[in-house]
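Visitor: what's the 3D shape of this:
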Amino acid sequence: MVQSNRERTNHVACDRTQRAGPARNWCAGEDDSKRGTMGVEVETLTPGDGKTFPKKGQTVSVHYVGTLTNGNKFDSSRDRGSPFKFKIGQGEVIRAWDEGVAQMSVGQMARLTCSSDYAYGKKGFPPVIPGDSTLIFEVELLGVK
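Guide: Numbering: from 1, shown residues only. Sure thing, here's the model as predicted:
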């Protein structure tokens, strides 16, 4: 049976997350409707080195483009011409990024689909992001320090 990139990515994400812990129930096949959350889905667009994964407390450098599900772009580090840096697992960014980027290896380009409870929730981020919005980010992991 041939797996799609999405299936391979989710499988890898589960293998890494089972060791780390955060999405263990999803990986074990728990029905998301029981938890009321989707979390973050990581779909590989371009593979990375497959070896260098960020660890909690490390600083990552990323380029990203964020869109709503209707395709409207709300933010882009590429448009600013400056990568964005943050520390993994420190709550400096939305939960979807803390968990999703930690599943990426250096050089990887991925699409992170983030449920609202792993993003800005019911309040959203007015006026740019409405409440209860699923967000889509194309993220490239440039480096880890």
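Visitor: May I ask which helix or strand of the protein has the lowest mean pLDDT?
Guide: helix 24-27 (a mean of 33; mean pLDDT, DSSP states H and E).
Visitor: Now the residue sitting nearest the centre point of the chain: which helix or strand?
Guide: In the chain, the residue lying closest to the centroid (Cα atoms, centre = their mean) is G100, at 3.1 Å. Using DSSP states H and E, G100 sits in helix 95-101.
Visitor: which other residues reach that helix?
Guide: Residues from elsewhere that reach helix 95-101, judged by Cβ atoms under 8 Å, 6 or more residues apart in numbering: 17, 22-23, 39-40, 42, 54, 60, 62, 86, 88-91, 110, 112, 114-115, 118-119, 135, 137, 139, 141. Using the backbone N, CA and C atoms, a C-beta is placed for each residue, glycine as well.
Visitor: Number of residues surrounding L112?
Guide: The number of residues packed near L112 is 25, by other Cβ atoms under 10 Å.
Visitor: Tell me which residues are up against the host helix or strand of it.
Guide: Here L112 sits within strand 109-114, counting by DSSP H and E. Applying Cβ under 8 Å, 6+ apart, the contact partners of strand 109-114 are 9, 38-46, 48, 94, 96-97, 100-101, 104, 134-141.
Visitor: Relative to that strand, what are the paired strands and their orientations?
Guide: Strand 109-114 has these partner strands in its sheet, going by DSSP bridges: strand 40-46 (antiparallel), strand 135-144 (antiparallel).
Visitor: Specify the stretch among those that is closest to F125.
Guide: Closest approach to F125 among the strands paired with strand 109-114 (Cβ to Cβ): strand 135-144, 9.6 Å.
Visitor: What's the mean pLDDT across that closest one?
Guide: Across strand 135-144, the average pLDDT comes to 99.
Visitor: Name the residues that touch that strand?
Guide: Contacts to strand 135-144, defined as Cβ under 8 Å, 6+ apart, come from residues 45-46, 48, 52-54, 58-69, 83, 94, 96-97, 100-101, 104-114, 116, 119-120, 129.
Visitor: Thank you kindly, that will do.
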